[in-house]
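Visitor: take this sequence and fold it.
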Amino acid sequence: MSYKILYITVRRLIGERDASGLRSLLLQHGPVLFARSLALGSPRVVADALSLLPISERINVLRHLPYPLRDAMKPLCIGGSQRLRMQPWSPSVLAMRHA
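Guide: Okay, the predicted model is just below:
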C-alpha cells in the first residue's frame with residue numbers, strides 16, 4: 001500500500017474515531033510508513049490521529065515525523081504532554097485551581 005492510499009484510509013478512520021482500526025494500520029504497516037502518510041496532512045490531522053493511539057505507539061510515530069511538522073504541532077500540544085512545563089496562566093492550571 002502506498003503512503004498516499006494509507007493517508008486516505010487514516011483520514012477516514014480519524015473521522016470515524018476508530019482507534020482500533022488506526023492502531024491496526026500502524027501495526028500492519030509500521031511506524032515509518034504510517035508517519036510518512038500522516039506527514040501529508042496538516043498538524044491538526046496528525047494530532048487527531050496521534051490522540052487515538054496509545055502513548056507508546058504515539059511516541060514511536062512522532063519519532064518518524066519530519067521535524068518541521070513536529071515543530072508546527074507544538075502549539076496543539078500545550079498542556080497535553082507531561083514533558084511540557086505548565087505555565088501558571090495556562091487553561092489547564094486555571095481549571096485545576098477552580099476545581
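
Visitor: nearest to the spatial middle of this structure, which residue is it?
Guide: residue 50 (2.4 Å; Cα atoms, centre = their mean).

Visitor: wait, isn't that one in contact with residue 62?
Guide: Yes: using Cβ atoms under 8 Å, residue 50 is in contact with residue 62, at 7.0 Å. Glycine gets a C-beta too; all of them are placed from N, C-alpha and C.

Visitor: before we move on, back to that, need the contact list for the residue nearest to the centre of the chain.
Guide: 58, 61, 62 (Cβ atoms under 8 Å, 6 or more residues apart in numbering).

Visitor: now do the host helix or strand of the last one: which elements does it pack against?
Guide: Yep, that's residue 62 we're talking about. Here residue 62 sits within helix 55-64, counting by DSSP states H and E. Secondary-structure packing of helix 55-64 (3 or more Cβ pairs under 8 Å, 6 or more residues apart in numbering; DSSP states H and E): helix 19-38, helix 43-51.

Visitor: list the residues that contact residue 51.
Guide: Residue 51 touches residue 58, counting by Cβ under 8 Å, 6+ apart.

Visitor: the same query, at a cut-off of 7 Å, please.
Guide: If you count contacts by Cβ atoms under 7 Å, 6 or more residues apart in numbering, residue 51 has none.

Visitor: need the three-state assignment for residue 41.
Guide: coil (DSSP: H, G, I helix; E, B strand; the rest coil).

Visitor: same deal with residue 53?
Guide: Residue 53 ends up coil, using three-state DSSP.

Visitor: ok, it touching residue 23?
Guide: Yes: counting by Cβ atoms under 7 Å, residue 23 is a contact partner of residue 53 at 6.1 Å.
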